[in-house]
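Engineer: With the sequence up front, the predicted model follows.
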Amino acid sequence: MAKSTCDLCDEHESLVAVLELPFNSYGGAARCSGQIETIKCHEDNSRVREWVERDGRGKVLVIDGGGSLRRSLVGDLLAGKALARGWRGIIVNGAVRDLEALEVLPIAVFARGSVPMRTDKKGAGEAGVVLHFAGVRFTPGAFVYADRNGIVLAPAALAGFDPAV
């Protein structure tokens, strides 16, 4: 049986960090894990659009939108592109949209909330930076594990968490 984030916390309590804020699951896959890539942007998903076009095999895209729920940073089109490029999941400190379409795409998408408004497209944002939100530090190259119980970070890969379960 595959491990849950609860199991990872029990087995590696001194090693893992748990996000303090609640995140909702919006994608058709209820769990994901992988090495993280980071983007920091505010109400502008230009960098997100660029990064989902990259090879995402074995990776999870973590997006810090400052917690804004005014504009969506990911919708069905970007999630579909991420899925096609092998990304295991997307975590958004902010909003997503196109919920009916997201829930049938077999990719994990976690976010603070949803809003139907699209983002600005001004080319703003930074990729590959250290992020700080929900009481944790996201360092590119670290590993994230997410399921319905919560989201857990670890500096290295942890055995037994199968994202396909």
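Structural biologist: That came through, no problem. Residues are numbered from 1 along each chain as shown.
Engineer: From what I see, residue 161 and residue 11 are in contact.
Structural biologist: No - the criterion here is Cβ atoms under 8 Å, and residue 161 misses it with residue 11 at 10.3 Å. (C-beta placed from N, C-alpha, C; glycine too.)
Engineer: who has more neighbours, those two?
Structural biologist: Neighbours per residue, other Cβ atoms under 10 Å: of residue 161 and residue 11, the larger number sits with residue 161, 22 against 13.
Engineer: what's the burial count for residue 162?
Structural biologist: 10.
Engineer: Distance check, the nearest residue to it once chain neighbours are set aside against residue 146.
Structural biologist: Nearest residue to residue 162 in three dimensions, chain neighbours excluded: residue 2, at 3.8 Å (Cβ to Cβ, 6 or more residues apart in numbering). Counting by Cβ to Cβ, to the nearest Å, the separation of residue 2 from residue 146 is 13 Å.
Engineer: ok, residues contacting whatever helix or strand residue 151 lives in?
Structural biologist: In the assignment (DSSP states H and E), residue 151 maps to strand 150-154. For strand 150-154, contacts defined as Cβ atoms under 8 Å, 6 or more residues apart in numbering pick out 5, 8-9, 12, 15-19, 23, 36, 91, 110, 134, 136-138, 142-146.
Engineer: Just give me the residue closest to the centre of the chain.
Structural biologist: residue 91 (1.7 Å; Cα atoms, centre = their mean).
Engineer: No further questions, thank you.
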